[in-house]
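Asker: predicted model and sequence follow; I will ask about them next.
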Amino acid sequence: MPERIRVVVNEDRCYLCGGCAGVCPTLAIEVHASGWEFFQDKCISCRICINACPVGALSAEPLEVKE
Amino acid sequence: MSWKYDVVVVGSGIAGPIIARNVAKAGYSVLLLDKKPAIGSPKQCAEGISIRVFDKYDIPYDKRFINREIYGAKLYSPGGYELELRYKEVSGVILERKVFDKMLAHYAARAGADVLARTEALDVIRQDGKIAGIRAKHEDEPVEIYADIIVAADGVESMIARKAGINTYAPPHEFDSSYEYEMLIEGFDPDLIHLWFGNEIAPRGYVWVFPKDEDRANVGIGIASDHPETAKYYLNKWLRENGIPSRKILEINVGVVPVGGFVKELVKDNVLVVGDAARQVNPMHGGGMAEAMEAGTIASKWIVKALEEENLSLLQNYTKEWWETDGKRLEKVLKVRRVTEKLTDEDLDLFIQILSGADAEKIASGDYAEVIKALLKHPKVLMSRRRLSLLKELL
């Protein structure tokens, strides 16, 4: 199992290009005209979006596992 | 608010307004919407397009969106070999997308379509097991748009197509990440587009200079989207290593491009997917405008037929016709791409060196067979089993 993550955006780097939403296999990211939105319940922690971002605006934070 | 149209088109890039225009011309009601406050801006594009598309898709050759006419291309290998392909006639143009896209939407509106900027599609509306329309938001105002036919022309995100249940998934290595400056740059022939190849320069992609003026160009890069470094990192590295001053930046553009294959099922019941959303992009160079125009033309033909005959099952013919025509062509291009991905820097040096000494006119005509023939004549190709087998994959 890959480490469970939360994807966070650096809004100062992000151009709202929609690329992360395009590569996301599960529709866990939506890019609106006015902002970037992440849906934790859909994310499968695959990190594809983080690699694909042309400007490195996305990063991962570990998601705390409930014991 | 609740509206009803024959057709709703989500996304006003290239494919969207072509479809809206064609459907409106046939006399049907159509709404074209785009989430951006200004249609055409920001672009995600190097703005180069073949001169042939204007006649072919009935688009006026309007100087308001043509920055510069281009006469060919110059290719650079990692070791510094060059291949120039120059035509006597104009072969392409560098557009101004923020004007071009807006004008395409203008043509759609003039033909009778309604067009609404700053209107974002949020989800599909399902009724009795069917998709009855879309939920959208104009500024902060919710609106339900009911339509017999829904066109998802919503770009790489492909959100509406996916919410409608069309499988547009592609794995990460089938995308390129792109980063581009529009900047002042000198020292490159402004009548040609310029492309640099090399695994250290642009992993699996290339760097481009597309001149918009004597001293101004789109300077960009595409690299494999699953590469750990960013596209921005590689473009800045290239500019630095080539001593190109980069403090005259007029615009920065960013995007992700589907370059590894095409959506199989382009229609689900009354929903069609087209353009980048359908991954209908030339996998060799990552350009998708001409492909979007072609797919949009085919899609609009079957939308009109389906409405005329009140038979939505005719929409399936869009999938069929696209795959039999442009899909077939692009599958071949994809095959070439898969071979070029395996080329080492030494291969690129050798191939460009050989081709620069070959019959440039035949090569410039874009005849792949001629290119391969020229390469196969060379002893350094003939003596290499690996190179031979790569080239034979193309025949």
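Answerer: Yep, it's here. Numbers count the residues shown, from 1 in each chain, chains lettered A, B, ... in the order given.
Asker: only alpha carbons, please: show stretch A:41-49 as PDB.
Answerer: Taking C-alpha atoms only, stretch A:41-49 is exported to PDB below (Å, rounded to 0.1, in the frame of the first residue of the first chain):
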ATOM      1  CA  ASP A  41     -12.300  10.800  -0.400                       C
ATOM      2  CA  LYS A  42     -11.600  10.100  -4.100                       C
ATOM      3  CA  CYS A  43      -7.800  10.300  -3.900                       C
ATOM      4  CA  ILE A  44      -5.900   7.000  -4.200                       C
ATOM      5  CA  SER A  45      -2.500   8.500  -3.300                       C
ATOM      6  CA  CYS A  46      -1.000   7.700  -6.700                       C
ATOM      7  CA  ARG A  47       1.000  11.000  -6.900                       C
ATOM      8  CA  ILE A  48       0.500  11.200 -10.700                       C
ATOM      9  CA  CYS A  49      -0.800  14.800 -10.400                       C
END
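Asker: need the contact list for B:Leu348.
Answerer: By Cβ atoms under 8 Å, 6 or more residues apart in numbering or on different chains, the residues touching B:Leu348 are B:Ser77, B:Pro78, B:Gly79, B:Phe197, B:Gly198. Using the backbone N, CA and C atoms, a C-beta is placed for each residue, glycine as well.
Asker: what does B:Ile249 give?
Answerer: Per Cβ under 8 Å, 6+ apart, neighbours of B:Ile249: B:Tyr181, B:Glu182, B:Met183.
Asker: tell me the one of these nearest chain A?
Answerer: Chain A lies nearest to B:Tyr181 out of those, by Cβ to the nearest Cβ, at 12.3 Å.
Asker: what lines up beside the helix or strand containing A:Glu61 in the sheet?
Answerer: Secondary structure from DSSP states H and E places A:Glu61 in strand A:58-62. The pairing partners recorded for strand A:58-62 under DSSP bridges are strand A:5-9 (antiparallel).
Asker: mean confidence score for the partner strand?
Answerer: Per-residue pLDDT over strand A:5-9 has a mean of 97.
Asker: then stretch A:41-58?
Answerer: On average, stretch A:41-58 scores 97.
Asker: now that stretch: buried residues?
Answerer: A:43, A:46-58 (16 or more other Cβ atoms under 10 Å in any protein chain shown).
Asker: what about stretch B:312-321, how long is it end to end?
Answerer: The first and last residues of stretch B:312-321 sit 16 Å apart, counting by Cα to Cα, to the nearest Å.
Asker: mind checking how far that stretch is from the chain centre?
Answerer: Stretch B:312-321 has its C-alpha centroid displaced from the chain centroid by 23 Å (Cα atoms, centre = their mean, to the nearest Å).
Asker: for the nearest residue to B:Tyr76 once chain neighbours are set aside, list the residues it contacts.
Answerer: Distances taken as Cβ to Cβ, 6 or more residues apart in numbering or on different chains place B:Trp196 nearest to B:Tyr76, at 4.5 Å, with adjacent residues excluded. With contacts taken as Cβ under 8 Å, 6+ apart, B:Trp196 has the following neighbours: B:Tyr76, B:Ala202, B:Tyr206, B:Val207, B:Trp208, B:Trp238.
Asker: excluding chain neighbours, what is closest to the residue nearest the centre of chain B?
Answerer: Closest residue to the average C-alpha location of chain B: B:Gly288 at 1.4 Å, with Cα atoms, centre = their mean. For B:Gly288, ignoring the flanking residues on the chain, the nearest one in space by Cβ to Cβ, 6+ apart is B:Val281 at 3.7 Å.
Asker: was I right to think the one you found contacts B:Pro258?
Answerer: Yes. Counting by Cβ atoms under 8 Å, B:Pro258 is a contact partner of B:Val281 at 5.4 Å.
Asker: count the neighbours of B:Ile51 for me.
Answerer: Neighbours of B:Ile51 under the rule other Cβ atoms under 10 Å in any protein chain shown: 17.
Asker: surely it meets B:Val93?
Answerer: Yes. B:Ile51 is within contact range of B:Val93, at 6.3 Å (criterion: Cβ under 8 Å).
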